[in-house]
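*Asks:* Below is the structure, and that's it, no one-letter string:
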C-alpha cells in the first residue's frame, strides 16, 4: 500500500481528507472531521495529537460509543468476516486468525465475561501483542474497575490509531510506534564476526508449538542483513533465537567433539517493550557462549 | 544389589567364583574360568585385564561364538523377554525398551542388515549411549569391514564386562567406567551462588519428545546436592539443562521486565565422552548469561 | 610453631595454662586466669567465648586498661623493637614494618590525633587489613564517638585474640577466622582447564608500587595447587591477579596476532570480607575473557 | 591543513601539481613528475598506484637513492631539526621526539648497525607503530637479507606516501590507511547501556610509564561520542583501557561491598593491524565482567 504524503492531505478538500483518514478511528469519522478542520499539520505527531484531543474532548457517551464500535477479539465478527480490513489484519498479526477450537472457546468466554462486567468490548492494540500476552492482559484487566478500563480502552484505541497513521502517511517525522529486534554472532574462538551462521527466530506459546517467524544468515559482520523484526511494534511475548553454530565451527574445522558439545544454541527471551530496541547477540566458541540484552 | 568384595572372591572356591562372575561375559563362562585360575587379584583392574586377556588368547572361532552369544539390540529376544537380566537392564538404560513401532522396525531392519553383512549381531555397550547415538553408530558401523567389526564387537564386549564387574565387585580400586555431569548457578547480578534455582535435565532425541531424566534445586553453593548424572557412564547424546532463573530473580526482587527478559534458560549440549566429567555452569543476571564446558 | 592440643590445656595445671595463653590478651593475664577456672573446654569456640565473657564482665576501668595495654600502630614502640612478638608479627603482616618516612609520619599524626580525641591507642586487628585499609579505618573511626570507639577497640581485641588462639591451639573445631582466595583458568577456546598458566597475585596500594604476594601456576585442573591465600584472614584491600595467557596460547599454537591481542590479563578487585571465600576465575580465549566473583 | 581536491590537481599545470605532491616521496620529485604526466586520475587509489608504479619502474640505483633520501629514525637529523616537516610529524607520532637518553642511544646503535649491514637507513612507516614496535621491528629486520630489506624499505615508503596523499587530498574514494578503536560499556546488571562511565586509553611501553592517549565518557548508548582512535592508522603496540565502573554502580546505588569488588577495570590488549577495526567492549556487573575483540 503506497503511502499518502501529509502535505497532500493538508492540501486536500475535506472529502479527500476523510477518504484517507475517516476510518483511522473505527466507525468514528467524527474524529477525523474534527482534525480536518485544524489543518495544516506540520508533523504526523501534530495530526495524531489533534485526533486524540478530539476524542478526549468528546462527551463521555460519544467516547463509549467509539469504544463499542470495535469488534470483539477473535469474536463472531472475525469468524463471519464482518470486520473492517484494518481490524482483520491487526487481529491476524497476533495470530488470532489461527486459533484452535479450545482457544476460540477461551476467547469467547473472556469476551463474554468482559462485556458482562464492563458493558464494552475488550480493546487491545493487537499488533503490540502475541496471543499469549493478549490472553494474559485479558485475565488481568478483568480485575480492573470500569473507570480504569474505559481509560485503558481509549489508550489502546490511540495506539491502534497511531499505527494506522504510521502505515498510511508519509511525513518528515515518524511516530514512535516501531521496535527493533536484532542479533549479532561473534566468534570469540577466532576473534572475529561469525559469518554464515543460520539463525531462526521462533515465537513461543504457552499452548501451542513454537512458530518460526524469521530466518536469517549472519553476514561478514556477524549480523543479519536486516533486523529480525523491524518497522512494526515488537509483539510482547516469548521468543527463541536458534543459532546453528555447530555447522559453522565444522566449516572452520575448529576442534569439536563428535557429536559437537554445542550444535544449535537456543536463546529464549521475552519482549516486554513493543517500541524497544532489543539486541540479543551471541558470543560463542565451540565450548562456551554468552548472550545478553544489548542495545 | 549388594556388592561382593574382591578379597572374598579371591578366597572363594571355583564354584563361588563362577557363581559371582560366570556370566560377566554373556553365555561364555570359560572367560571367568580362565581368570579364576589366576587368582588372587589385588585390584579390579587386574581381574578385568585377566578376563580380557583370556578372550584375546582364545581361538578366533571361540571369539566369534562369544560375539554371537549376544542378543540383538531391541530385537525379538527383547520383546519375548528372553534376554539375560543384565542385557535387559542394559538395553533399557538406553531406552530400547520404550521404542515406538517405527523405531522397532528401524532396529529390526538395521539388525538384519548388520547380520547379513557381518554374520554376527551388532554389539554396543548400551549404557554408554542414548537411542540416537546407538542408531548413529549402527549406520556408521555398517560401513566398516568385517575385520574391523569383529574387533569393534570385542571392544564393546569388554566395556560391557567392565561395567558388570564395576557393579558387582567392591575393591580398593575402581575401573574408569563412570562419568559425571554437574552444574552450578552463579548469580553475577548479586555476586554470589544462586540458591533455590530449579533445574531440569532432559535427554533430547531426534525422533521423539525431550524426556526429563533428572531434576534438582541449586543449594547455598549454587550446586545441586549431587551431580545430575554420576556413578554410571554418561550416555553419548544430546541434552538440555533448564534453569528457572525468572522465579529466582523474582524472589530476590531484582528489577525485571514483565514478562521477564529471561525466565527458563535452556542450555543445549552434547555428551561425547561417557567417562568424562562434564561441568556445565550458568553465570546469570536478569539480562545476560554465560555457559561453558567447565571441569 | 607447633600447636598445643586443647585437651592438654584442659589437663594442665594453671601455670601451664597461663604459660600457653596468658598473653593472648595483650598485657592482661587476668583474662586467661578467668578462663582457666572454667575448664574444661570442649571446643576452641567455648574457650574463646569464656575469655571474651571475662573481658565483658570486667569493670570499665579494667577494660580501658586492657585497651591501653596495646601498642600504637607503626608507632615508636615498633621502631624501638619494644612490642610483644605477636604484635610485631601482626603489624608486619599489614606491611607496617615497611613504611616510608612519609607514611610513618602519617601514622604518627593519626595516632596522636586518635589518642588526643579518645585517650586510648587506635586498635585494629592488623591481620585483617592492608596498609591502605588501616589508614582508611583510621580516618573513618576518628569521626566516631568515644563510646563507639571503646566498643570498637574491644571488638578488634577479640578478633586479635581469636587469631592468636587459632594459631596456638589444636582442637576439634576451628574458629571462623580464615578466608580463602583461589582462582581457576578455563580455556574456553579448547573447552578444557588451562594448564601451565603463570599467575601472580599483587597487593595494590594507593601510595606505593604493586607488590607480588603470591605466584602460582595452573595445574591440569586449571587451578593452583593451593589457594593463593589461605589459613589466614584475607587483608581488606585491593589486589590484581595477572594471568600469563599469551604464553599459554602460544604453546598451544592457537592462532594469535603478533603481538597477541591478549598477553598478560590483569584482573583488579577488592577484598572486603577477610573471612570470606573469594574465587576469581578466568574464562579465556586468545580474543576474549570473563571473570567474576565466584564461590 | 585544508585538503586539495583531486579534481583541482587534475586540472592544475605541472608546477601546481608538483607544488602539491612533489615531496610525497621524500627528496624524490621525479615520482610525482611521472605521475603528473598520467593525469587525470579518477580516484586517489589510481594516483597512488601510478606513483608506486613509477618507483617500481625506476632503475635499481634510483630506488636506492630514494631510500637513502630518508632520515634516520630518531637520528641526528631529528635532533638537529634538519628533517622535512612531514618526517618530523611522523616520527613524533610514535613518540620518537620524546626519547630518554638511553632510548636515544639505543636508536643510535640500531641505526648504525642497520646502515653498516645494509648500507641504507632503516625505514618504517612510523605512524603505524609505537616506539616499542619500532624497536621490535628494528631488531627483527636486522636479521633479514639485503634484498629483503630493500623490498621492505620500498613497501614502507609506499605506506608513508599513502598516508601523505590521504592527508593532503580530497577525493571520492579513501585509501585504506585508517583504523578505528572503539569501546562500549554494557551494564548487564541493569540490562542497558552504561552511561557516564569514565574511560581512559593508555599506551603501554616496555621501558616507560603508561601514557594516557585518550579519555572519554560513555554516553546514553554506552559508547564514547567518537571512537577512541580514528582517522589514522592504529599504532601497533600494547594498550590498556580503564573503565571506572565502581563510581558508575555507586551512582546507581547497586549493592557493592566496601571497598567495591570492582572499581577501575583494566583491559590490556595489543593492536596488531593498524588498518583494523578494533572494538573492545565491556559487559559488566558489580561482580563480573567480560571483554572481547568485537567488530
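*Replies:* Looks like it came in fine. Everything numeric here is computed off the predicted structure, so don't read it as measured data. Residues are numbered from 1 along each chain as shown, chains lettered A, B, ... in the order given.

*Asks:* Any residues of chain A in contact with chain B? List them.
*Replies:* Contact residues (Cβ under 8 Å from any Cβ of the partner chain) of chain A with chain B: A:133, A:236-238, A:257-266, A:268-270, A:272-273, A:287-293. Every C-beta, even on glycine, is put in place using the N, C-alpha and C of the backbone.

*Asks:* where does residue A:56 land in three-state SS?
*Replies:* helix (DSSP: H, G, I helix; E, B strand; the rest coil).

*Asks:* and the gap between it and chain B?
*Replies:* From residue A:56 across to chain B, the span is 27 Å (Cβ to the nearest Cβ, to the nearest Å).

*Asks:* for that residue, what are its contacts?
*Replies:* Each residue near residue A:56 by Cβ atoms under 8 Å, 6 or more residues apart in numbering or on different chains is listed here: residue A:154.

*Asks:* Just the buried residues of stretch A:134-147, please?
*Replies:* For stretch A:134-147, a neighbour-count test (16 or more other Cβ atoms under 10 Å in any protein chain shown) marks A:134, A:135, A:136, A:137, A:138, A:141 as buried.

*Asks:* Any stretches of chain A with poor pLDDT?
*Replies:* For chain A, applying pLDDT under 70 flags the ranges A:1.

*Asks:* Can you list the residue ranges for strands in it?
*Replies:* For chain A, strands defined by DSSP state E occupy the ranges A:4-5, A:169-170, A:179-182, A:185-187, A:192-193, A:198-203, A:211-217, A:229-232, A:237-244, A:264-271, A:277-279, A:282-285, A:288-292.

*Asks:* hang on, the earlier thing: now render the buried residues of stretch A:134-147 as TSV, adding distance to chain D.
*Replies:* Listed next are these as TSV, based on distance: Cβ to the nearest Cβ, whole Å:
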residue	distance to chain D
A:134	25
A:135	26
A:136	21
A:137	23
A:138	28
A:141	27
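
*Asks:* Give me the buried subset of the residues of chain A next to chain B.
*Replies:* For those, buried by 16+ other Cβ under 10 Å: A:133, A:236-238, A:257, A:259-263, A:265-266, A:268-270, A:272, A:287-293.

*Asks:* What count of nearby residues applies to the closest residue to residue A:222 other than its chain neighbours?
*Replies:* Setting aside the residues directly before and after it, residue A:222 is nearest to residue A:193 in space (Cβ to Cβ, 6 or more residues apart in numbering or on different chains), at 2.9 Å. Residue A:193 sits with 18 neighbouring residues when counted by other Cβ atoms under 10 Å in any protein chain shown.

*Asks:* Among the residues of chain A next to chain B, which ones lie close to chain C?
*Replies:* By Cβ under 8 Å from any Cβ, the members of the residues of chain A next to chain B lying near chain C are A:261, A:287, A:288, A:290.

*Asks:* Tell me how far the residue nearest to residue A:222 lies from chain C.
*Replies:* From residue A:193 to chain C the distance is 12 Å (Cβ to the nearest Cβ).

*Asks:* And residue A:151, by the same measure?
*Replies:* Remark: distance between residue A:151 and chain C (Cβ to the nearest Cβ) = 46 Å.

*Asks:* For that residue, grab the count of nearby residues.
*Replies:* By the criterion of other Cβ under 10 Å, residue A:151 has 13 neighbours.

*Asks:* Could you pull up the residues touching the residue of the stretch 101-250 of chain A found nearest chain C?
*Replies:* As assessed by Cβ to the nearest Cβ, chain C sits closest to residue A:191 within the stretch 101-250 of chain A, at 3.1 Å. By Cβ under 8 Å, 6+ apart, residue A:191 lies in contact with C:261, C:285, C:286, C:287, C:288, D:292, D:293.

*Asks:* go with 6 Å
*Replies:* C:287, D:293 (Cβ atoms under 6 Å, 6 or more residues apart in numbering or on different chains).

*Asks:* Check residue A:200 too.
*Replies:* Residues in contact with residue A:200 (Cβ under 6 Å, 6+ apart) are A:212, A:215, A:242.

*Asks:* Next: residue A:289.
*Replies:* Neighbouring residues of residue A:289 by Cβ under 6 Å, 6+ apart: A:265, A:282.

*Asks:* what does the one 5 residues further on give?
*Replies:* Each residue near residue A:294 by Cβ under 6 Å, 6+ apart is listed here: A:279, A:281, D:186.

*Asks:* same thing with residue A:266?
*Replies:* Residue A:266 neighbours (Cβ under 6 Å, 6+ apart): A:240, A:242, B:266, B:268.

*Asks:* closest point of the stretch 51-200 of chain A to chain B, which residue?
*Replies:* residue A:133 (7.6 Å).

*Asks:* which residues does that residue contact?
*Replies:* So residue A:133 contacts A:236, A:237 (Cβ under 6 Å, 6+ apart).

*Asks:* Residue numbers of chain A in contact with chain D?
*Replies:* Contacts of chain A with chain D, taken as Cβ under 6 Å from any Cβ of the partner chain, map to A:186, A:188, A:191, A:193, A:292, A:293, A:294, A:295.

*Asks:* is it true that the second one touches residue C:285?
*Replies:* This means residue A:188. Yes. The pair residue A:188 / residue C:285 is scored as a contact, 5.2 Å apart, by Cβ atoms under 6 Å.

*Asks:* Isn't residue A:201 up against residue A:214?
*Replies:* Yes. Between residue A:201 and residue A:214 there is a contact under Cβ under 6 Å: 4.1 Å.

*Asks:* Need the overlap of contacts for these two.
*Replies:* Jointly contacting residue A:201 and residue A:214 under the rule Cβ under 6 Å, 6+ apart are residue A:228.

*Asks:* Compare these two and say which is more crowded by neighbours.
*Replies:* Ranked by neighbour count (other Cβ under 10 Å), residue A:201 and residue A:214 place residue A:201 first, with 22 against 17.

*Asks:* so what's the more buried one up against?
*Replies:* A:213, A:214, A:228, A:241.

*Asks:* out of those, which are buried?
*Replies:* When the contacts of residue A:201 are checked for burial by 16+ other Cβ under 10 Å, the buried set is A:214, A:228, A:241.

*Asks:* okay, the residues you listed in a markdown table with distance to residue B:205 next?
*Replies:* What follows is the buried ones among the contacts of residue A:201, written out as a markdown table (distance: Cβ to Cβ, whole Å):
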| residue | distance to residue B:205 |
| --- | --- |
| A:214 | 27 |
| A:228 | 29 |
| A:241 | 22 |
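
*Asks:* quick one: contacts for residue A:5?
*Replies:* residue A:170.

*Asks:* contacting residues around residue A:197?
*Replies:* Contacts of residue A:197 (Cβ under 6 Å, 6+ apart): A:185, A:218, A:243, A:244, A:248.

*Asks:* Could you do residue A:134 as well?
*Replies:* Applying Cβ under 6 Å, 6+ apart to residue A:134 gives the contacts A:94, A:124.

*Asks:* Residue A:292 now?
*Replies:* B:287, B:288, D:188.

*Asks:* Tell me the one of the residues you listed nearest residue C:62?
*Replies:* Relative to residue C:62, the closest of the contacts of residue A:292 is residue D:188; by Cβ to Cβ it sits at 54.5 Å.

*Asks:* Ramachandran angles for the closest one?
*Replies:* Dihedral angles of residue D:188 (phi, psi; degrees, to the nearest 10) stand at phi -80, psi 0.
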